[in-house]
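Trainee: compute the structure for the input listed below.
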Amino acid sequence: MLSKFCASPPSSGFCGLRFGYPSVYNKPRLRIVGQSLGDKWKLNDIDPNAVQEKLNSWLLKTQSFLTEVTSPLVKTSQTGKPVTEDAFETQDMDDIFMAEQTINSRTPNGTLSLAAIVSIEQFSRMNGLTGQKMQKIFKALVAESTYNDARNLVEYCCFRFLSRDASDTHPSLKEPAFQQLIFITMLAWENPYQEPLASGSEKASFQRKLVREEAFVRLAPAVSGVADRSTVHNLFKALAGDAQGISLSLWLTYVDELLKVHEGRKSYQIRESPNLSGERILCIGSSRKRPVLKWENNMAWPGKVTLTDKAIYFEAAGLFGQNDSMKLDLTKDGLRVEKAKVGPFGSALFDSAISITYGPESKDKWVLEFVDLGGEMRRDAWHAFISEIIALHKFIGEYGPKEVDESLFHVYGAHKGKERAITSAINSIARLQALQFMRKLLDDRTKLVQFTYLQYAPYGDIVSQALAVNYWGGPLISKFIEEHNPPAQGVRPSSELIESSNHVFDIDGSVYLHKWKTSPSWASSASVSFWKNASIRQGVVLSKNLVVADSALVERATGTCRQKSQAAEKTQATIDAAMIQGIPSNIDLFKELLFPLTITATKFEKLRRWEEPHMTVSFLAFSYTIIFRNLLSYIFPTALIILATGMLTLKGLKEQGRLGRTFGMITLRDQPPSNTIEKIIAVKDGMRDVENYLQNLNVTLLKIHTIIFSGQPQITTEVALVLLSSATVLLTVPFKYVLAFLIFDLFTRELEFRREMVKRFIDFLKARWDTVPAAPVVVLPYGSNESLAEHDRKGNEDLEKAERSDR
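Mentor: The predicted structure follows:
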């Protein structure tokens, strides 16, 4: 058990184990301390046999403890499922309590729980102190209200130890005892006090307890390499599944699989290092049972796929071994990865591939099929891996300073920012691999990798900004302050000079220079509002990622992102409820009927985008001539005359037989020859596309219904004010000037001087539209004569009965 009897002094660490840290006091890890009732020992009164028997007993206990600590608590059975040792369940309370409890378990808010006592005492010893000394230090650092909350003391003891290491993956994770201690600390954070009905003879059965989401989200990212702040909620959902929390066995299995992934990467790096110098290998896909196929010109070539932090490689298998590898650089802009279907002769039979391309019309396209007879899990995982690397380099290009920027050396540690971002993405992929081996994944794998998730998450730009400050921020070098802020009439302290600038500051005082803020997202109102209040801090800052009784910047931004995501999920739930299945149509005929309108729209779009400048200028000159010559009243009659003339001309030509018999017929091209299964799949895909289109159309109409009938009063008020303002403009300003302004706006949106402003405005409108819920849809049973009013009345009666029963 992790809290076995410790005979070592408090400074010797957790039960004599320092988890990678040498003893600061240079003391032996195990001491046998004798206790005497008098001032001096009399050797003649000592029984040699009793001493020998006592020493043998102590050494046997020590050997049992070390064997238990160093052996894994989770074993693998023949079926591959984790099996925990029964010894953990049968431990007595005497084995779990420390030999010396120094902390006072009685606090103003209640009695400390057993988990809290174990966590505080053990982490205190790992910090070289006793629990009582740590308690006194914490009391001197914080206010009384913060001190009275035992949860904050648990955080302080844990975070103080974790802040001593800045490695990518905490070295103590390899120790089974440390893994158990982190789990107990989560339990302690969740329930720092004893339950009122708990008895004094309570057994410490941590095996049966579950860690809930709030505790996991708070403490798991504190251990480097275990979780990211931005995706820890999704990681908890993947691990817990349908359960209410995470058990000890599941936690140990997850950490064990994570460590195996890192060890496997080391072996890959050693084996492939001569060929891939300067790159870190993340995963390799090659197996006889589950091969990787590269499709090219309707031909599939088996081979080996290697993913690094910069590129993806494919080595085709030949008769005499592997051929020369092909490389696709993943650091370039505009790269896209999508799920794809492949099959022989151009058919789309197998939904197990991904396509990597620089655009829809790019010729440099890779199509890789990850054969997996068990489903799409393997393909979806690789899709998330590659997406994360592409999103990583997009993040670095958007939020990070240029590598040739000299200001990187004006901020201490900023030159390592890119490496920190790469390491974060590598750890995200490692966690996804561990979950893949455990077969505990979400439907959308991209929610488990940080940078890919933040590209689409609400408020994701703000979280990305906080991550940029975390990676590239650092103390500003004093020489740089003197050069860029020379003293004028009076000399001001350097801290005042920094605060008077437009730099961004982390919670520990780290600086992210203003010149690095090149992303357009920094100018958004949400960004300005967030960073305006970002410097407020209340707790104890141990590092930029570990803050006791408060949240770090990334954690604050992630919390807001989580709230926005939950609001979006609720809105999406109303949209999903409004989608009614089963609406058939013929999509090919529909496209053919709309073909003339499509051609007209395409030609107009070319004019609007200035693809042919002389045609656009001619069109605008003609339009403004009609407007300012007051010829608008003749447009509609002229169009009708032209339409009638064209119809009569075609009628005459057809009667003369000069247009042919097939003129005016709707022609549809048949699908290429295929078997019955392919036809069924094609029909199903077409029906799904039409159904999705009609569902989206219905959702739009339901949202308009919500706005008109005040389903969302605030949005209804805003739309009404916009309509009133538009009516006022139309009443006061002549129509020709309004029309001229609209044409000017339409034809200048794609120009350089307006493109960014239009993009921000469209994003604002889209964000507001996404917050509008769909109007509720009630589907009455078939053949029911019940009206909607009767349905509502019955619903109200059922609700009243439920409320009465609760009372």
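Trainee: residue 367 pairs with what?
Mentor: residue 295, residue 355 (DSSP bridges).
Trainee: what's the neighbour count on it?
Mentor: 17 (other Cβ atoms under 10 Å). Yep, even glycine has a C-beta here, placed from its N, CA and C like the rest.
Trainee: buried set for the helix ranked longest in the chain?
Mentor: In the chain, taking DSSP state H as the definition, the longest helix is helix 676-708. Within helix 676-708, the residues that count as buried by 16 or more other Cβ atoms under 10 Å are 678, 681, 686-687, 690-691, 695, 698-699, 702-703, 706-707.
Trainee: residue boundaries of the helices in the stretch 451-600 of the chain?
Mentor: With helices called from DSSP state H, counting those that start in this stretch, the stretch 451-600 of the chain shows them at 460-472, 478-484, 494-499, 525-532, 553-578, 587-593, 595-608.
Trainee: export stretch 181-200 as PDB, just CAs?
Mentor: Listed next in PDB are the C-alpha coordinates belonging to stretch 181-200 (Å, rounded to 0.1, in the frame of the first residue of the first chain):
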ATOM      1  CA  LEU A 181      -0.900   9.300  -4.400                       C
ATOM      2  CA  ILE A 182      -2.200  11.500  -7.200                       C
ATOM      3  CA  PHE A 183      -5.400   9.500  -7.200                       C
ATOM      4  CA  ILE A 184      -5.800   9.900  -3.500                       C
ATOM      5  CA  THR A 185      -5.100  13.600  -3.800                       C
ATOM      6  CA  MET A 186      -7.900  13.900  -6.300                       C
ATOM      7  CA  LEU A 187     -10.200  12.200  -3.800                       C
ATOM      8  CA  ALA A 188      -8.900  14.500  -1.100                       C
ATOM      9  CA  TRP A 189      -9.600  17.600  -3.200                       C
ATOM     10  CA  GLU A 190     -13.100  16.400  -4.000                       C
ATOM     11  CA  ASN A 191     -13.900  15.500  -0.300                       C
ATOM     12  CA  PRO A 192     -11.400  17.200   2.000                       C
ATOM     13  CA  TYR A 193     -13.600  16.700   5.000                       C
ATOM     14  CA  GLN A 194     -15.100  13.600   6.600                       C
ATOM     15  CA  GLU A 195     -18.700  12.900   5.900                       C
ATOM     16  CA  PRO A 196     -21.000  13.500   8.900                       C
ATOM     17  CA  LEU A 197     -22.100   9.900   9.100                       C
ATOM     18  CA  ALA A 198     -18.600   8.400   8.800                       C
ATOM     19  CA  SER A 199     -17.500   6.300  11.700                       C
ATOM     20  CA  GLY A 200     -14.200   6.400  13.400                       C
END
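Trainee: residues in contact with it?
Mentor: Contacting residues not belonging to stretch 181-200 are listed as 2, 14, 107, 109-116, 118-120, 122-123, 149-151, 153-155, 158, 202, 206, 209, 211-212, 214-216, 218-220, 223, 248, 251-252 [Cβ atoms under 8 Å, 6 or more residues apart in numbering].
Trainee: mind putting the helices of the stretch 451-600 of the chain in a markdown table, distance to residue 754 and mean pLDDT included?
Mentor: Shown next, in a markdown table, are the helices of the stretch 451-600 of the chain (distance: least, Cβ to Cβ, whole Å; pLDDT from 0 to 100):
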| stretch | distance to residue 754 | mean pLDDT |
| --- | --- | --- |
| helix 460-472 | 21 | 95 |
| helix 478-484 | 34 | 55 |
| helix 494-499 | 35 | 45 |
| helix 525-532 | 19 | 90 |
| helix 553-578 | 28 | 81 |
| helix 587-593 | 33 | 68 |
| helix 595-608 | 13 | 84 |
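Trainee: would you mind confirming that residue 239 is in contact with residue 252?
Mentor: No. The criterion here is Cβ atoms under 8 Å, and residue 239 misses it with residue 252 at 11.8 Å.
Trainee: between these two, point out the one with more neighbours.
Mentor: residue 239 (23 against 19).
Trainee: can you tell me how far the more buried one sits from residue 742?
Mentor: Going from residue 239 to residue 742 by Cβ to Cβ, to the nearest Å gives 54 Å.
Trainee: ok, residue 518 touching residue 400?
Mentor: No. Applying Cβ under 8 Å, one finds residue 518 not in contact with residue 400, separated by 9.3 Å.
Trainee: so for these two, which sits in the more crowded spot?
Mentor: More neighbours surround residue 400 than the other of residue 518 and residue 400, with 21 against 12 (other Cβ under 10 Å).
Trainee: for that one, give its distance to residue 189.
Mentor: Distance from residue 400 to residue 189, by Cβ to Cβ: 34 Å.
Trainee: the residue lying closest to residue 620 once chain neighbours are set aside: what's it in contact with?
Mentor: With sequence-adjacent residues excluded and distances taken as Cβ to Cβ, 6 or more residues apart in numbering, residue 620 is closest to residue 747, at 6.4 Å. Residues near residue 747 by Cβ under 8 Å, 6+ apart: 607-608, 610, 616, 620.
Trainee: separate out the buried members of those.
Mentor: 607, 616.
Trainee: mind showing which ranges of the stretch 301-450 of the chain have poor pLDDT?
Mentor: Under the criterion pLDDT under 70, the flagged ranges of the stretch 301-450 of the chain are 318-323, 359-362, 374-375.
Trainee: I meant to write the stretch 601-750 of the chain there.
Mentor: 660-662, 664-676, 678-679.
Trainee: show me where it has its strands.
Mentor: Using DSSP state E, counting those that start in this stretch, the stretch 601-750 of the chain contains no strands.
Trainee: and the stretch 51-200 of the chain, by the same measure?
Mentor: 74-76, 82-84, 106-107, 110-111.
Trainee: now swap in the stretch 301-450 of the chain and tell me
Mentor: Under DSSP E, counting those that start in this stretch, the stretch 301-450 of the chain gives strands at 311-318, 321-329, 336-342, 350-357, 366-370.
Trainee: turn the ones you listed into CSV, including distance to residue 407.
Mentor: Formatted as CSV, the strands of the stretch 301-450 of the chain follow (distance: least, Cβ to Cβ, whole Å):
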stretch, distance to residue 407
strand 311-318, 29
strand 321-329, 27
strand 336-342, 32
strand 350-357, 34
strand 366-370, 37
